[in-house]
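[1] A predicted structure for the sequence below; I have some questions about it.
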Amino acid sequence: MRERWRRWSWRMRVAVVLGIVVAVVFAPVVGVLGALLAHNIGEQSEQARTRGRDAVWLGHAWVDGRKSEADVAALAKLLAGTGIRDLYVHTGPLEHDGSLRDELAPRARWFVEAVHATLPGIRVQSWLGDVVQPEFDGLDVESAASRERVVASARRVLEYGFDGVHYDLEPVRSGSPGFLALLDATRAVTAAARVPLSVSAPVIDPLPGLHSVGLAVADHGKWWSQAYFADVARRVDQVAVMSYDTAMPTRALYSGYVAQQTALAAEVTPAEVDLLMGAPAFWADDPGHHGSAETVAAAVRGIRLGLTRAEVGRGAFGVALYVDFAATEQDWADYRHDWCRLAS
């Protein structure tokens, strides 16, 4: 081999070295893509359908005066016969110190009462969110004072009449003790009021330790470890996984990714906690989200495959659609037909 190497030209030597480097770098990537495609293969159990515990995120227009009784009636018609039980209504955003300005949602009580009158059995949860430190100049969940103000904001929205509190704080980094402390403090409030505490959660490491790589390379906390996801799930009544913005370029890869995420989340979410998998009812076309790949239909396929393999008999399970103001007729038709078994 040494003699053969010496006889090769410098171009041949460079080509061989580059070939080895490419193989070492890209072989794991090819392996991961192959695994995701494998997750997209298989039968979907007929039991992997709605349990009547689904949800949809609603925009701020429902509580700031832009919506009317006619809009609530149209919403009732849209949700008729589906598995939607929870509405996460954007009530914030929170201030970066954790407080909430009352003037942001002057029609909150009206909307809650209108839903209760028009859609009996539907719960209206207050969606409170903000960007968080250290990735952004936002809320500091590691600060006890900030957490106290967030909990006070949760009490405030319950005074508006909401049926629960839904936190969407991004990006909370895997292992954050402050976020767990916030959930514990808020759970005491919601439990006393006999309403659910719900939380949006990022996806779980598709490869063990990937969250650490993301932080080291890009200083971005996109993923949680499965163990930290479990820590969060034990502290809430409902966890909704934001299983979108995955950068998957094809529907097959995206469905496989969601199938894997569904199985990973189901493995560690307590049986009594509602596990909801997110479905992207919106369009975007950027490096992190390919609209032609990330569709409601592709998400539901992955969810059904993952549920079939992981825990098809799980009762506390649902799909969460994001988001009402961007959802198309096709998004709703795919959700109704593929997940709810309703005619399109």
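    Received, thanks. Numbering: from 1, shown residues only.
[2] Show me what whichever strand or helix holds Ala188 is packed up against.
    Element membership for Ala188 (DSSP states H and E) is helix 177-193. In terms of contact count using 3 or more C-beta pairs under 8 Å, 6 or more residues apart in numbering; DSSP states H and E, helix 177-193 is assigned the packing partners helix 144-159, strand 164-170, strand 197-201, helix 226-233. Where C-beta positions appear, they are placed from N, C-alpha and C, glycine not excepted.
[3] As JSON lines, these with mean neighbour count would be great.
    JSON lines is the format used below for these (neighbours: other C-beta atoms under 10 Å):
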{"stretch": "helix 144-159", "mean neighbour count": "18"}
{"stretch": "strand 164-170", "mean neighbour count": "24"}
{"stretch": "strand 197-201", "mean neighbour count": "24"}
{"stretch": "helix 226-233", "mean neighbour count": "19"}
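[4] looking at these, which is closest to Asp338?
    strand 197-201 (22.7 Å; C-beta to C-beta).
[5] CA atoms only for that closest one, dumped as PDB, please.
    The C-alpha atoms that make up strand 197-201 are tabulated as PDB, following Å, rounded to 0.1, in the frame of the first residue of the first chain:
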ATOM      1  CA  LEU A 197     -51.400  23.400  33.600                       C
ATOM      2  CA  SER A 198     -50.200  22.900  30.000                       C
ATOM      3  CA  VAL A 199     -46.800  23.500  28.400                       C
ATOM      4  CA  SER A 200     -45.400  23.700  24.900                       C
ATOM      5  CA  ALA A 201     -42.200  21.500  24.600                       C
END
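[6] Describe which strands it pairs with in its sheet and in which direction.
    According to DSSP bridges, strand 197-201 has the following sheet partners: strand 164-170 (parallel), strand 238-241 (parallel).
[7] Local confidence estimate at Leu36?
    pLDDT for Leu36: 84.
[8] and the nearest residue to it once chain neighbours are set aside, how many residues sit next to it?
    Nearest non-adjacent residue to Leu36, counting by C-beta to C-beta, 6 or more residues apart in numbering: Gly256, 3.7 Å away. Residues contacting Gly256 under the criterion other C-beta atoms under 10 Å number 27.
[9] For the helix or strand containing Gly256, list every residue counted as buried.
    According to DSSP H and E, Gly256 maps onto helix 251-268. Taking 16 or more other C-beta atoms under 10 Å as the neighbour-count basis, helix 251-268 is seen to contain the buried residues 251-266, 268.
[10] hmm, back to that, so what's the residue nearest to Leu36 up against?
    Gly256 sits next to Ala35, Leu36, Leu37, Ala38, His39, Asn40, Gly302 when contact means C-beta atoms under 8 Å, 6 or more residues apart in numbering.
[11] Show residues contacting the helix holding Ala188.
    140-144, 147-148, 150-151, 154-155, 158, 164-165, 167, 169, 172, 196-197, 199, 231-232, 235-237.
[12] between that helix and helix 144-159, how big is the angle?
    With axes from the mean of the first three to the mean of the last three C-alpha atoms, to 10 degrees as the criterion, the two stretches helix 177-193 and helix 144-159 enclose an angle of 30 degrees.
[13] quick one: the residue positioned nearest the centre of the chain and Gly288, what's the gap?
    Centrality entry for the chain: nearest residue to the mean C-alpha point is Met242, 1.5 Å, by C-alpha atoms, centre = their mean. According to C-beta to C-beta, to the nearest Å, Met242 stands 12 Å off from Gly288.
[14] In the protein, where's the longest strand?
    strand 123-131 (DSSP state E).
[15] just to revisit the earlier point, redo the strands paired with strand 197-201 as CSV? Include distance to Gly59 and mean pLDDT.
    CSV is the format used below for the strands paired with strand 197-201 (distance: least, C-beta to C-beta, whole Å; pLDDT from 0 to 100):
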stretch, distance to Gly59, mean pLDDT
strand 164-170, 13, 98
strand 238-241, 16, 98
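[16] want to try a markdown table for those strands, with distance to Trp224 as columns?
    Putting these into a markdown table (distance: least, C-beta to C-beta, whole Å) gives the following:
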| stretch | distance to Trp224 |
| --- | --- |
| strand 164-170 | 12 |
| strand 238-241 | 10 |
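[17] Show me the one of those strands that comes nearest Arg49.
    Between Arg49 and the strands paired with strand 197-201, the shortest gap by C-beta to C-beta is with strand 238-241, which sits at 18.3 Å.
[18] for stretch 171-184, how far is the first residue from the last?
    Across its full length, stretch 171-184 reaches 19 Å end to end, with C-alpha to C-alpha, to the nearest Å as the criterion.
[19] That stretch: how far from the chain's middle?
    Using C-alpha atoms, centre = their mean, to the nearest Å, the distance from the centre of stretch 171-184 to the centre of the chain it belongs to is 16 Å.
[20] Many thanks, I have nothing further to ask.
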